[in-house]
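Novice: coordinates only, no sequence provided:
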């Protein structure tokens, strides 16, 4: 009996542990036999653990301590720890081992006065101090087709004012254009921007806060004069406001799916709808609405400079068919640059081609909605005029000339019906290189209406239009001094009299 009390006193002086203490097993071994009772479900596995011996639980505690000393990638999971215990003879369920792991971690946090990953510190911001940015994926019906969009979302950290703009892709030019529109709508530029580690901003992630920032992104930050701060990897709570805004916007704006004829119309609606929601949504930390807090924050924002020229530049070589390839699509270039390198500047809505220090041409940008869609070729028939001057036979089936204006297409159909009409049609098209295109189209239309669609007539009409002379000659009004005294008569009998006089002379 004395030995039993000494053993219990020694166990009480030991540091408390979450694992099953040894004195429980000893007490059960020395206690008098009691009537067996039916154990509940939760107690059965614990009883089985005791019956097998405390070595399982002691081994489990050792495994947890060893697990803490290893790196994150080398730590064993609870499922693996349960498999280790089963190999030692433990026949309990995985749920009991998982419950023990939770209790063991909670007790360790209490003992060392630490906390787990589920505890956070609330943040507060000053007016004009920071904004948060993130991308999201949402769906809309554009021109009758269900389209997946990449939505750029901004939110001012103090006033909670937010802005959304949709794009087809998450690329540099889309990111830069979104910042231009966001700072215009929000009324200024905050002093700091919070981002995640997106590829359009970060080239390489280092240790801690070390980041290798993309050169074009750094140029944009220097242009707007704000500081870019990047979250830790997989730490969305560091910019929780914009993460919550992504979820809220999905319910407020994208359900049900909006339908618009074009992406520009959708973005106009998003901008107007965001302003309306500012006046409707109450501020979560201040009295009043988001619009009232935004009006208070605007004077603290930096004045936005001119829009950032956020293009992405590529060097392309023009093919012999006067085309450049970009994003599985093709765009035409003037024939004088065939087989030569050019600089292609990509914007969200247009493609600009530059060479020799000047802008060569510009096209509206097209996007392939999916990888199953066929590539698109964007032609400008003016780029091929110098080619068909040397090869007029290519005019008949040339792909770029299928998109001629209606007046020129009608003239082409008439010209090709006669011999040499293709060359004459090429000479008429070449007038666009020296004269205003609208003036040439007007001259062609007037010639078609007059029923004389020839090169000479079109040139005459064109010169009259260019010189400012009237195309139709005014009616002649002779003065009264030139009035005829004897009006001419339509009398064919006079010809009979002349014939008889000629016959009389022949008879004589």
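Specialist: Looks like it came in fine. Here the structure is a predicted model, which is why all the values come from computation and not from measurement.
Novice: centre of the chain to the strand or helix carrying residue 166, how far?
Specialist: Assigned by DSSP states H and E, residue 166 belongs to strand 162-167. Counting by CA atoms, centre = their mean, to the nearest Å, strand 162-167 is centred 10 Å from the centre of its parent chain.
Novice: quick one: mean pLDDT for it?
Specialist: Averaged over strand 162-167, pLDDT sits at 97.
Novice: after it, which helix or strand is next?
Specialist: helix 172-186.
Novice: okay, angle between that next one and strand 162-167 too, please.
Specialist: 150 degrees (axes from the mean of the first three to the mean of the last three CA atoms, to 10 degrees).
Novice: what sits against the closest residue to residue 148 other than its chain neighbours?
Specialist: If the residues on either side of it in the chain are set aside, residue 148 comes closest to residue 139, at 5.7 Å by CB to CB, 6 or more residues apart in numbering. For the C-beta atoms, the positions are set from N, CA and C on the backbone; glycine is no exception. Residues in contact with residue 139 (CB atoms under 8 Å, 6 or more residues apart in numbering) are 146, 147, 148, 149, 254, 257.
Novice: so residue 319 touches residue 335, yeah?
Specialist: No. In terms of CB atoms under 8 Å, residue 319 does not count as a neighbour of residue 335; the distance is 11.2 Å.
Novice: give me the more crowded residue out of those two.
Specialist: Comparing residue 319 with residue 335 by other CB atoms under 10 Å, the one with more neighbours is residue 335, at 19 against 14.
Novice: which one of the contacts of residue 139 sits closest to residue 366?
Specialist: Residue 366 lies nearest to residue 147 out of the contacts of residue 139, by CB to CB, at 13.7 Å.
Novice: what is the closest one paired to in the beta sheet?
Specialist: residue 140 (DSSP bridges).
Novice: now do the contacts for it.
Specialist: Listed by CB under 8 Å, 6+ apart, the contact partners of residue 147 are 139, 140, 141, 168, 369.
Novice: would you turn the residues you listed into CSV with distance to residue 244?
Specialist: Shown next, in CSV, are those (distance: CB to CB, whole Å):
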residue, distance to residue 244
139, 20
140, 22
141, 26
168, 26
369, 30
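Novice: now for those residues: which two are most distant?
Specialist: Farthest pair in the contacts of residue 147, by CB to CB: 141 and 168, 14.4 Å.
Novice: just the buried ones from the contacts of residue 139, in ChimeraX syntax?
Specialist: A single ChimeraX command is used to select the members of the contacts of residue 139 judged buried by 16 or more other CB atoms under 10 Å:
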select :147,149,254
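Novice: among the contacts of residue 139, which one lies nearest to residue 288?
Specialist: Looking across the contacts of residue 139 and measuring by CB to CB, the closest to residue 288 is residue 254, at 26.8 Å.
Novice: mind checking the SS state of the closest one?
Specialist: Put simply, residue 254 is coil when judged by DSSP: H, G, I helix; E, B strand; the rest coil.
Novice: do I have it right that it meets residue 138?
Specialist: Yes. Counting by CB under 8 Å, residue 254 touches residue 138, with 4.6 Å between them.
Novice: all strands of the stretch 301-450 of the chain, in order?
Specialist: With strands called from DSSP state E, counting those that start in this stretch, the stretch 301-450 of the chain shows them at 312-317, 323-326, 329-332, 341-346, 350-355, 358-364, 377-378.
Novice: ok, and what's touching the second one?
Specialist: When contacts are taken as CB under 8 Å, 6+ apart, the neighbours of strand 323-326 outside the stretch itself are 314, 316-319, 330-333, 342, 344, 346, 351, 353, 377.
Novice: list buried residues within these.
Specialist: 316, 318, 330, 331, 332, 333, 342, 344, 346, 351, 353.
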